[in-house]
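pasting the sequence and the predicted coordinates here, then a few questions.
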Amino acid sequence: MMCPYLSIPVAPRMLYWEDRYGSEVAVAGLDEAGRGPLAGPVVAGAVIIPPLRSHPVAILDSKKLSPARRKAAFEYLNQLPGAVIGVGVVDQTEIDRINILEATKKAMCIAVEALSISPGYLLIDGLIKLDLPILQQSLVRGEEKSVSIAAASIIAKVTRDRMMEEYDREYPVYGFGRHKGYGTKLHLEMLNKYGPCPIHRFSFSPVARLVVPHQPHDLD
């Protein structure tokens, strides 16, 4: 059960950019999940988070949270009064068509457009500039410098993981539920054994060297 009071303080360094711009405009943090995998979509999260100095769950870089803590943070953010969340998804077909960097930018733009409030400032993880008429600040390792970006990383990661778990039920031989499409030893072994399936990224070299994708009925 979630603690009924705010108990985990946000580090001051994680609020610097929100404090700098948040009194004048809505500040949205952006991050993505799924740039590196060999299969599945890239997913972006955009989050405008209320100016709270503490939370009952840890709002940190999603990679630093256990699956259980990520899920708790995800549920908390989706229920937090005043939080505004947008999600953008670009599938593997589009990744192959325009490349992963452009697909990541597209997912972020979709996530911003999905927000119910128009942000006046964007905090973006990494060295990414979006073609949007909104003031922006790119932050390398932004999940460690902005609570808004950390929140976006949680939204993107949990959303994508759940999508990959659904794909695991459709294409069970690859183990998508375990590795989420990343190039693990298990995934590469199954890829070599069965060939790629329709959700693999054919522009990525470990997949590109293999044969034409199997149809879904071949993978039952």
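Yep, it's here. Numbers count the residues shown, from 1 in each chain.

for stretch 97-116, which residues meet the burial criterion?
Across stretch 97-116, burial judged by 16 or more other CB atoms under 10 Å covers 100, 103-112, 114-115. No exception for glycine: its C-beta is placed from N, CA and C like everyone else's.

let's test this: mean pLDDT of that stretch, rounded?
The average pLDDT for stretch 97-116 rounds to 98.

the residue nearest the centre of the chain: which element?
Nearest to the mean C-alpha position of the chain, by CA atoms, centre = their mean, lies A156 at 2.4 Å. According to DSSP states H and E, A156 maps onto helix 147-170.

and that helix, what other elements does it pack with?
Judged by 3 or more CB pairs under 8 Å, 6 or more residues apart in numbering; DSSP states H and E, helix 147-170 is in contact with helix 16-21, strand 27-33, strand 42-48, helix 67-79, strand 84-90, strand 121-125, helix 176-179.

quick one: buried residues of the fourth one?
For helix 67-79, a neighbour-count test (16+ other CB under 10 Å) marks 70-74, 76-77 as buried.

what angle separates it from helix 147-170?
Angle, helix 67-79 to helix 147-170, by axes from the mean of the first three to the mean of the last three CA atoms, to 10 degrees: 110 degrees.

chain center to helix 67-79: distance?
13 Å (CA atoms, centre = their mean, to the nearest Å).

what angle do it and strand 42-48 make?
Using the same axes, to 10 degrees: helix 67-79 against strand 42-48 is 50 degrees.

residues contacting helix 67-79, please?
Helix 67-79 is contacted by residues 2, 47, 49, 55-59, 62, 65, 83, 85, 151, 154-155, 157-158, 161 when judged by CB atoms under 8 Å, 6 or more residues apart in numbering.

now which of those residues would you call buried?
47, 49, 55, 57-59, 62, 65, 83, 85, 151, 154-155, 157-158, 161.
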